[in-house]
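>>> What shape does this take:
(chains A and B)
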Amino acid sequence: KAGVTQTPRYLIKTRGQQVTLSCSPISGHRSVSWYQQTPGQGLQFLFEYFSETQRNKGNFPGRFSGRQFSNSRSEMNVSTLELGDSALYLCASSLDGGGRFFGPGTRLTVL
Amino acid sequence: QKEVEQNSGPLSVPEGAIASLNCTYSDRGSQSFFWYRQYSGKSPELIMSIYSNGDKEDGRFTAQLNKASQYVSLLIRDSQPSDSATYLCAALSGTYKYIFGTGTRLKVLA
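Okay, here's the model as predicted:
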C-alpha cells in the first residue's frame, strides 16, 4: 500500500499570504489529522477529520482551517500568514481507533 | 498537568544495553496507546501499539501497559546507535482524542 503523501514538500511564502496544503491518506483510511511541529515544541494538534466531518480541533486561531473530501483526501489552509507559522506541517491517517501513519510533511517558511 | 507526560531526556544508554522509556497519562478513559520513533528532520513512525494490560513484544521492542497506575513504557533491548531518536508516546481516549507526549530523546552511545 502506498503511504501518506503530502504536497508540496516545501513552501516559501511571505507574511499576509495564504497557503493550502494537501494530504492523501493511505487507501481505506478515513481519519486524517493535521499537526504543526516546530523545533522544541513537539507535535501540536490542529484538527482531525473523519468521513468529511471535523471530529476534533486543537487550540489554533481561526486562520487555520481544513476540510476533507469524499475520497478522504484532506486540505488545510492558513490565511494571513505570520512569521510564527513557519513549521513542519504533518498529516497522519488512520483506521478509526488505530495508530496514526504520518506523511513526510510540508515544510513551510514564512518570510 | 499534561495529559500525556514523558521525560524529555536525553536518555543516554551504552550500545547493547536496554533502554527504558516511560510515559504517564491522566485520562483514565484512555484505551489505546502507541509508541512512535522520530528521527531528526523526519516524520514520526509508528513502532508499537498496546491495548491491554501487560507486555507486548515485537522484535527488540517491548511495550508495557499498566492501566491501574496509568503508565506505559517501551523497552528497547540490545540498543543500537541507529535507535538514537526521539520517542513519542500517544494515548487515544474514548472520545477520539489522540494525545501525544512531548517525547523523550534517546542517545545510544557506541
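>>> Are there helices or strands packed against the least confident helix or strand in chain B by mean pLDDT, and which ones?
Every helix and strand in chain B was compared by mean pLDDT, DSSP states H and E; the lowest is strand B:98-100, with a mean of 91. Judged by 3 or more Cβ pairs under 8 Å, 6 or more residues apart in numbering or on different chains; DSSP states H and E, strand B:98-100 is in contact with strand A:42-50, strand B:85-92. Bear in mind the C-beta positions are built from the backbone N, C-alpha and C, glycine included.
>>> Mind listing what's buried along stretch B:95-110?
Using 16 or more other Cβ atoms under 10 Å in any protein chain shown as the test for burial, stretch B:95-110 gives B:97, B:98, B:99, B:100, B:101, B:102, B:103, B:104, B:105, B:106, B:108.
>>> about what we covered before: go through the helices and strands packed on strand B:98-100 and find the least confident stretch.
Of all the helices and strands packed on strand B:98-100, the minimum mean pLDDT falls on strand A:42-50 (a mean of 92).
>>> so what's residue B:66 closest to, chain neighbours aside?
Counting by Cβ to Cβ, 6 or more residues apart in numbering or on different chains, residue B:66 lies nearest to residue B:53, which is 6.3 Å off, once chain neighbours are set aside.
>>> Mind pulling up the pLDDT for that neighbour?
For residue B:53, the predicted pLDDT is 95.
>>> Residues of chain A that sit close to chain B?
Taking Cβ under 8 Å from any Cβ of the partner chain as the contact definition, chain A meets chain B at A:33, A:42-43, A:45, A:48, A:50, A:55-56, A:88, A:90, A:97-105.
>>> sorry, back to before: so what strands line up beside the least confident helix or strand of chain B?
The strands beside strand B:98-100 in its sheet (DSSP bridges) come out as strand B:85-92 (antiparallel).
>>> Find the nearest non-adjacent residue to the spatially most central residue of chain A, please.
Nearest residue to the geometric centre of chain A (Cα atoms, centre = their mean): residue A:34, 3.4 Å. Residue nearest to residue A:34 in three dimensions, not counting chain neighbours: residue A:46, with 4.1 Å by Cβ to Cβ, 6+ apart.
>>> So what's the residue count around the one you found?
Counted with other Cβ atoms under 10 Å in any protein chain shown, the neighbours of residue A:46 add up to 22.
>>> Ok, residue B:74 next?
Residues near residue B:74, counting by other Cβ under 10 Å, number 24.
>>> Dihedrals phi and psi, residue A:32?
Dihedral pair for residue A:32: phi -130, psi 130, per degrees, to the nearest 10.
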